[in-house]
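# structural data only, the sequence is not supplied:
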């Protein structure tokens with residue numbers, strides 16, 4: 001899968017990718033739109049983009065980015081850009097993805113912990129009320 005499709009399936013904007021990777025917007029835009037060849041980019045650029053997306057540099061270079069997985073417990077119908085969230089919530093989401101993939105019932109306890117953290121972060125102004133509501137919809141606790 002190419003970078004544009006990968007971003008689109010995950011509802012990640014080019015702006016968000018640029019912001020989280022530290023790669024200039026124009027570079028991210030040109031890569032996503034196919035105006036620049038990934039193989040001609042600096043290795044450091046590919047590494048920063050890969051790190052921001054949580055994939056390997058080779059998946060970007062080879063065009064083998066993984067397709068969106070259908071989840072057992074996570075509600076895929078709720079659109080949420082994980083890269084726009086504080087790192088503490090992204091850690092929880094990564095663990096929730098792993099638990100969901102295994103069908104592990106610990107998912108619900110972890111979701112409850114994540115939502116408690118999200119409540120705190122909304123209270124501190126780190127995430128919006130709308131984002132908090134989406135988290136509650138996307139990650140059920142029962």
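Nice, thanks for sending it over. This one's a predicted model, so the numbers in the text were calculated from it and none came from an experiment.

# CA atoms for contacts and neighbours, from now on please.
OK.

# how about the helix or strand of the chain with the lowest mean pLDDT: buried residues?
The helix or strand of the chain with the lowest confidence, counting by mean pLDDT, DSSP states H and E, is helix 3-9 at a mean of 85. For helix 3-9, the buried set under the neighbour-count rule, 16 or more other Cα atoms under 10 Å, comprises 3-4, 6-7.

# please apply the same query to stretch 82-97.
Of the residues in stretch 82-97, those buried under the neighbour-count criterion (16+ other Cα under 10 Å) are 82-85, 89, 92-93, 96-97.

# just stretch 119-130 next, same as before
119, 121-122, 127-128.

# closest to residue 61 out of those residues?
For the buried residues of stretch 119-130, the minimum distance to residue 61 (Cα to Cα) is 32.8 Å, reached by residue 127.

# thought the closest one was touching residue 85?
Yes - contact between residue 127 and residue 85 holds when scored by Cα atoms under 8 Å: they sit 7.1 Å apart.

# for the residue nearest in space to the middle of the chain, grab phi and psi.
Using Cα atoms, centre = their mean, the residue of the chain that lies closest to the mean C-alpha position is residue 82, 3.9 Å off. The phi/psi pair for residue 82 (degrees, to the nearest 10) reads phi -60, psi -30.

# so what's it up against?
90, 93 (Cα atoms under 8 Å, 6 or more residues apart in numbering).

# any idea how far it lies from residue 38?
From residue 82 over to residue 38 the distance is 24 Å, taken as Cα to Cα, to the nearest Å.

# domains for this protein, by residue range?
If you go by automatic domain parsing, the domain ranges for the chain are 3-62, 82-138.

# quick one: mean pLDDT for the last one?
This means domain 82-138. Summarised as a single mean, pLDDT over domain 82-138 is 93.

# and the end-to-end length of it?
Its start and end residues considered, domain 82-138 measures 11 Å (Cα to Cα).

# and the first one, by the same measure?
Domain 3-62 has an end-to-end distance of 10 Å (criterion: Cα to Cα).

# one more: stretch 18-28?
OK, stretch 18-28 end separation, Cα to Cα: 6 Å.

# can you give me how far that stretch is from the chain middle?
Relative to its parent chain, stretch 18-28 has a centroid offset of 15 Å by Cα atoms, centre = their mean, to the nearest Å.
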